[in-house]
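> here is the input, now give the coordinates:
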Amino acid sequence: QVQLVESGGGLVQAGNSLRLSCAGSGQILIPYAMGWFRQAPGKEREFVAGISSNPNTTTYAYSVKGRFTISRDNAKDTLYLQMNSLKPEDTGVYYCAADRLYSFIISTTTNRINYWGRGTQVTVSS
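Numbering: from 1, shown residues only. Next up, the predicted model:
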């Protein structure tokens, strides 16, 4: 069983940056693909960024490409999301997820992903 805990959310002004962290426990995360998702009020949860168990493969949603960077530190069992040039439309609860299959992480559907954190709130003011 994998437990995931997000941190680093907060309230920032548009144009500023935040770095989210996701600490894993229960099992080492090296074999797992991981990803970040977000959910805005009244909207469905959506894919933001994914990173494979081979850390050379990353995927981004079009809306965040060039502004967000996903990375992982396998020695610390921690996933990161560096968010730059934040916009009000980036507001939402950000969730960390893990699954053995990278295809599940980057899929348009999220209901096959095995492990989720509880989320951290990011609010971007204009």
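
> test my guess that Gly117 contacts Cys96.
Yes: look at Gly117 against Cys96 with Cβ atoms under 8 Å: they come within range, at 4.2 Å. The way it works is simple: take the backbone N, C-alpha and C, and place the C-beta from them, glycine included.

> what sits in contact with each of these two?
Residues within reach of Gly117 and of Cys96 at once, by Cβ atoms under 8 Å, 6 or more residues apart in numbering, are 4-6, 22.

> give me the secondary structure label for Trp36.
Secondary structure, DSSP: H, G, I helix; E, B strand; the rest coil: Trp36 is strand.

> list the buried ones in stretch 24-40?
Going by neighbour count (16 or more other Cβ atoms under 10 Å), the buried part of stretch 24-40 is 24, 29, 32-38.

> by mean pLDDT, flag the weakest helix or strand of this structure.
Ranking every helix and strand in the chain by mean pLDDT, DSSP states H and E puts helix 102-105 at the bottom, with a mean of 92.

> does anything pack onto it? Which helices or strands?
Judged by 3 or more Cβ pairs under 8 Å, 6 or more residues apart in numbering; DSSP states H and E, helix 102-105 is in contact with strand 33-39, strand 46-51.

> now do the same for the spatially most central residue of the chain: its pLDDT.
With distances taken as Cα atoms, centre = their mean, Trp36 lies nearest the centre of the chain, 1.7 Å away. Trp36 carries a pLDDT score of 98 in this model.

> that one contacts Ala49, doesn't it?
Yes: Trp36 lies in contact with Ala49 (Cβ under 8 Å); the separation is 4.9 Å.

> between these two, what contacts are shared?
Common contacts of Trp36 and Ala49 (Cβ under 8 Å, 6+ apart): 68, 70, 81.

> of those residues, which is the most crowded?
Neighbour counts for the shared contacts of Trp36 and Ala49, by other Cβ atoms under 10 Å, peak at Leu81, which reaches 26 neighbours.

> wasn't it part of a helix?
No: with three-state DSSP as the criterion, Leu81 is located in strand rather than a helix.

> for it, list each beta-bridge partner.
Judged by DSSP bridges, the bridge partners of Leu81 are Leu20, Ile70.
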